[in-house]
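1. Mind folding the following:
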Amino acid sequence: GYLAILVFSLYISSDKVTTLYSSPFILWLTCPILLYWITRIWFLANREQMLDDPVQFALTDKISWLVVICSAILISLATII
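-> Here you go, the predicted structure:
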């Protein structure tokens, strides 16, 4: 989970990103969102509030959908602006 955010951060820092996105600095805003989501999933699993399959949980969880929508908006903004 957390390593995925590290890999994403390394990707944002790479030279290739500046050619793909007009405003790559906007992509940095997705890191805290993903960090919040992964930490929330760990807390819910630890408290035994997530008893189902993690994928099924993510597909039915409103916060997960909000994270996906916010991330998609930020990626779109990084491309457009």
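2. Need the residue closest to the centroid of the chain.
-> Taking C-alpha atoms, centre = their mean, the centroid of the chain lies closest to residue 34, which sits 3.3 Å from it.
3. Show me what the biggest helix by length in the chain is packed up against.
-> Among the segments of the chain that qualify as a helix by DSSP state H, the longest is helix 62-80. Applying 3 or more C-beta pairs under 8 Å, 6 or more residues apart in numbering; DSSP states H and E, one finds that helix 62-80 contacts helix 30-46. For the C-beta atoms, the positions are set from N, CA and C on the backbone; glycine is no exception.
4. in the helix it packs on, what counts as buried?
-> With burial defined by 16 or more other C-beta atoms under 10 Å, the residues of helix 30-46 counted as buried are 30, 33-34, 37, 41, 44.
5. What residues sit buried inside stretch 68-79?
-> The neighbour-count check on stretch 68-79 (16+ other C-beta under 10 Å) flags 71, 74, 78 as buried.
6. Out of these, which is nearest to residue 55?
-> The closest of the buried residues of stretch 68-79 to residue 55 turns out to be residue 71 (C-beta to C-beta; 17.0 Å).
7. residues contacting that closest one?
-> Counting by C-beta atoms under 8 Å, 6 or more residues apart in numbering, residue 71 touches 30, 33-34.
8. Same check on residue 4?
-> Contacts of residue 4 by C-beta under 8 Å, 6+ apart are 34, 38.
9. Distance of it relative to residue 23?
-> In this view, residue 4 and residue 23 are 22 Å apart by C-beta to C-beta, to the nearest Å.
10. Any chance you could list what contacts stretch 43-61?
-> Identification of contacts with stretch 43-61 by C-beta under 8 Å, 6+ apart yields 41, 64.
11. at 6 Å what do you get?
-> With contact meaning C-beta atoms under 6 Å, 6 or more residues apart in numbering, stretch 43-61 is reached by residue 64.
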